[in-house]
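[1] Quick one: sequence and predicted model below, then my questions.
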Amino acid sequence: MRYLFKHILMQEVVYDMQLRRRLRDLHRQAAEAIESLHTSELTPHYADLAYHYEQAGMEEEAITYLHKAGDHASETYDVQRAVDYYQKALALLPEGVASAPRRLPLYEGLGKMLRIQGRYPEAIAASQDMLTAAQTSGDQAAQARAWSELSWTQNTQGDNHAALESAGRAEAIAREAGAQIELTNALVLKGWAFCRLGDPEAALSLGEQALDISTTLHEERKKASALNLLSTVYDALGQYKQAIRLTRQALGIYRALGRRLEEGVMLNNLGTTVGAFGDYGMAVSIFQEALVIAREIGDHSGEMLCLSNLGGMQISLGDYQAAETSIQQAIHIAEAIGIKFPEAYSFLAEAYLGQEKIEEALTAARRALAMAQASQEDIGGAWRALALVAAALREPVTIGEATYDVADCFAESLHVFSEMSAAGERARTMRAWASYELTHGERGKGLALWQEAREIFERLGMALEVERM
């Protein structure tokens, strides 16, 4: 009886092995048939090929097609599918030095997609894994790209000092390796960090270097990236016409290349500059267009920025309730993806003030200042929001253990924007301060501030703001 039982078990094992072998053969035949039938256009079939080759036990072929499927999903902004394909390919690859070069592009693609989704800790981990693989492979250009990817994510998180350090490492390695494209990336990212840390002149120099290199190399995407940085610097300096011209130039490049993510980013930047220039209605339309793209491709950080900026323009148009709704949506996304977003809280404070929700406005403005320590522009905006709240309260506000009256808060904002050479924002703070003094304070001081703000707007060519005054 025991012999019979063992015999039956052996038959089942043999049968099972034969069945699995037969299934593997069928999957291999299916993959080969797809390759044969669709030789001229395999792209739509990458995922199916990866599946069949994996089931056939042919892991090398499966990894190749998973990589291709991930790249295609990335290019078409099917973000979650791209993440899935990259992660599956990495899971199939064996550990060790030999596989490091194949891991590099997979980690790079994975990190980019995770960043779009706002999964920043995972994106940083992917970039760190990429750096390790690049060091193992002795690939300096890839090491520079890995540091740039880290800088990009840190920049998006608002960790500007860390972003500057990572970009500096990328620059040093790229220069040593003579890797010009990677050097362009590093210069742009370093420029972004300097811009947000309140040094637009340093950012301007880096952007011009990056533009020269990318133009010489005929690298259109890198050229657009440099133009994007330069347009933001000119915006910060109050040179809005120049900023708009460069933004439109970069936008045209990205549209010609079919880069939807970057198109959305540039529309958001264009809306910011058009709004700063004073055309609030046009800015709202641009932000709404950018918001459609961000939602279409699943760009959570882009959606967050568009909503916040849209709220800022709705405040300027006096639509405070709509502004509160837009800004709260932006804050909800920021909290979901785990980043600090001080500018949104400054806008929220103003939206509350427009609806006479004074205590809520004070809470929002205090939170904006508490979050804003990494960005000079955010600090200046937070102090202006606090000044407006103090004006509405008709009493000083307490920050930590210190007390600030309306003039103190406006003076802090003015100091920050003056240090940044941010002429447009400086004029806006002056105008708000002038309105307060003309209504509740010293009329002579108010008239002087009003006149100085008007002169700055005139010098910057901001006709719509001059008309409003």
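    Nice, I can see it. Residues are numbered from 1 along each chain as shown.
[2] Might you list the low-confidence residue ranges for the protein?
    1-20, 27, 374 (pLDDT under 70).
[3] could you measure the residue nearest the centre of it against Ala427, distance?
    Compute the mean C-alpha point of the chain, and by Cα atoms, centre = their mean the closest residue is Thr156, 4.7 Å away. Look at Thr156 and Ala427: by Cβ to Cβ, to the nearest Å, they are 29 Å apart. No exception for glycine: its C-beta is placed from N, CA and C like everyone else's.
[4] what's the domain layout of the protein?
    1-94, 366-469 (automatic domain parsing).
[5] who touches the helix or strand Leu206 falls within?
    Using DSSP states H and E, Leu206 falls within helix 200-217. With Cβ atoms under 8 Å, 6 or more residues apart in numbering as the test, helix 200-217 has contacts from 180-181, 183-184, 187-188, 190-192, 194-195, 220, 222-223, 225-227, 229-230, 232-233, 236-237, 420-422.
[6] Check stretch 436-450 too.
    Ala387, Ala391, Arg394, Val406, Ala407, Phe410, Met430, Arg431, Trp433, Ala434, Ser435, Met469.
[7] among those residues, which two are most distant?
    With Cβ to Cβ as the measure, no two of those lie farther apart than Arg394 and Met469, at 24.7 Å.
[8] Neighbour count for those two, which is higher?
    Shown here are Arg394 and Met469; by other Cβ atoms under 10 Å, Met469 has more neighbours (14 against 9).
[9] can you tell me how far the residue nearest to the more buried one when sequence neighbours are not counted sits from Ser127?
    Leaving out its chain neighbours, the residue that sits closest to Met469 by Cβ to Cβ, 6 or more residues apart in numbering is Arg454, at 5.0 Å. Distance from Arg454 to Ser127, counting by Cβ to Cβ: 48 Å.
[10] More neighbours: which of those two?
    More neighbours surround Ser127 than the other of Arg454 and Ser127, with 28 against 19 (other Cβ under 10 Å).
[11] and that one, how far is that from Lys222?
    For Ser127, the distance to Lys222 equals 19 Å [Cβ to Cβ].
[12] Equivalent analysis for Asp279, please.
    30 Å.
[13] how distant is the helix holding Leu206 from the center of its chain?
    In terms of Cα atoms, centre = their mean, to the nearest Å, the centre of helix 200-217 is found 20 Å from the chain centre.
[14] Over to stretch 240-248?
    20 Å.
[15] in that stretch, what's buried?
    Tyr240, Gln242, Ala243, Ile244, Leu246, Thr247 (16 or more other Cβ atoms under 10 Å).
[16] how about TSV for these, with secondary structure added?
    Converted to TSV, those look like this (DSSP: H, G, I helix; E, B strand; the rest coil):
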residue	secondary structure
Tyr240	helix
Gln242	helix
Ala243	helix
Ile244	helix
Leu246	helix
Thr247	helix
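[17] Looking at those, which is nearest Gln29?
    Distance to Gln29 across the buried residues of stretch 240-248 (Cβ to Cβ) is lowest for Thr247, with 53.4 Å.
[18] in which helix or strand would I find the residue lying closest to that closest one once chain neighbours are set aside?
    Excluding the flanking residues, the one nearest Thr247 by Cβ to Cβ, 6+ apart is Ser231, at 4.2 Å. Applying DSSP H and E as the criterion places Ser231 in helix 220-236.
[19] need the contact list for Asp378.
    Pro342, Glu343, Ser346, Ala368, Met371, Ala372.
[20] change it to 10 Å
    Shown in contact with Asp378 (Cβ atoms under 10 Å, 6 or more residues apart in numbering): 158, 196, 340-346, 368-369, 371-372, 416.
[21] Then Glu35?
    Glu35 makes contacts with Leu42, His45, Leu49, His52, Tyr53, Glu61, Tyr65, as judged by Cβ under 10 Å, 6+ apart.
[22] What distance do you get for Ser151 to Thr215?
    The gap separating Ser151 from Thr215 is 23 Å, by Cβ to Cβ.
[23] Between these two, which is the more surrounded one?
    Between Ser151 and Thr215, counting by other Cβ under 10 Å, Ser151 is the more crowded of the two (30 against 13).
[24] That one in helix, strand or coil?
    What three-state DSSP gives for Ser151 is helix.
[25] correct me, but the residue nearest to the centre of the chain touches Ile337?
    Yes. The criterion here is Cβ atoms under 10 Å, and Thr156 meets it with Ile337 at 9.3 Å.
[26] Can you check which residues contact both of the two?
    Counting by Cβ under 10 Å, 6+ apart, the contacts common to Thr156 and Ile337 are Arg115, Gly118, Tyr120, Ser301.
[27] now, the most widely separated pair of those residues?
    Among these, Tyr120 and Ser301 lie farthest apart (Cβ to Cβ), at 9.0 Å.
[28] what do the two both touch?
    With contacts taken as Cβ under 10 Å, 6+ apart, the residues that reach both Tyr120 and Ser301 are Thr156, Gln157, Ile337, Ile339.
[29] count of residues packed around the second one?
    What that stands for is Gln157. Counted with other Cβ under 10 Å, residues neighbouring Gln157 total 22.
[30] now swap in the third one and tell me
    Neighbouring residues of Ile337 were enumerated by other Cβ under 10 Å; the total is 18.
[31] Just list the residues touching it, thanks.
    Arg115, Gln117, Gly118, Arg119, Tyr120, Thr156, Gln157, His300, Ser301, Met304.
[32] List just the nearest of those to Gln87.
    Nearest to Gln87 among these: Arg119, at 11.9 Å, using Cβ to Cβ.
[33] Any chance of the backbone angles for the closest one?
    Main-chain torsions, Arg119, degrees, to the nearest 10: phi -90, psi 70.
[34] For it, which non-adjacent residue is closest in space?
    Ile337 (7.3 Å).
[35] Gln87: neighbour count?
    For Gln87, the count of nearby residues is 18 (other Cβ under 10 Å).
[36] quick one: contacts for it?
    Going by Cβ under 10 Å, 6+ apart, Gln87 touches Leu66, Gly70, Leu106, Leu110, Met113, Leu114, Glu122, Ala126.
[37] wait, doesn't the fifth one sit right on Tyr107?
    No. No contact is recorded between Met113 and Tyr107 when judged using Cβ under 10 Å, the distance being 11.0 Å.
[38] overlap in contacts of those two?
    Common contacts of Met113 and Tyr107 (Cβ under 10 Å, 6+ apart): Tyr86, Ala126.
[39] And these two? Which one has more around it.
    Using other Cβ under 10 Å, the more surrounded residue of Met113 and Tyr107 is Met113, with 28 against 24.
[40] List the contacts of the more buried one.
    By Cβ under 10 Å, 6+ apart, the residues touching Met113 are 70, 73-74, 77-87, 119, 122-123, 126, 298.
[41] ok, of those residues, which come out buried?
    Judged by 16+ other Cβ under 10 Å, buried ones among the contacts of Met113: 70, 73-74, 77-79, 81-87, 119, 122-123, 126, 298.
[42] CA atoms only: put stretch 283-300 into PDB for me.
    Coordinates of each C-alpha in stretch 283-300 appear next as PDB, following Å, rounded to 0.1, in the frame of the first residue of the first chain:
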ATOM      1  CA  ALA A 283      -3.300  84.200 -15.000                       C
ATOM      2  CA  VAL A 284      -6.400  82.400 -13.800                       C
ATOM      3  CA  SER A 285      -7.000  81.000 -17.300                       C
ATOM      4  CA  ILE A 286      -3.400  79.900 -17.600                       C
ATOM      5  CA  PHE A 287      -3.500  78.100 -14.200                       C
ATOM      6  CA  GLN A 288      -6.700  76.300 -15.100                       C
ATOM      7  CA  GLU A 289      -5.000  75.100 -18.300                       C
ATOM      8  CA  ALA A 290      -2.000  73.900 -16.300                       C
ATOM      9  CA  LEU A 291      -4.200  72.200 -13.800                       C
ATOM     10  CA  VAL A 292      -5.900  70.100 -16.500                       C
ATOM     11  CA  ILE A 293      -2.500  68.800 -17.600                       C
ATOM     12  CA  ALA A 294      -1.300  68.100 -14.000                       C
ATOM     13  CA  ARG A 295      -4.400  66.100 -13.300                       C
ATOM     14  CA  GLU A 296      -4.300  64.300 -16.600                       C
ATOM     15  CA  ILE A 297      -0.800  62.900 -16.000                       C
ATOM     16  CA  GLY A 298      -1.100  62.400 -12.300                       C
ATOM     17  CA  ASP A 299       1.500  65.200 -11.400                       C
ATOM     18  CA  HIS A 300       0.500  65.700  -7.700                       C
END
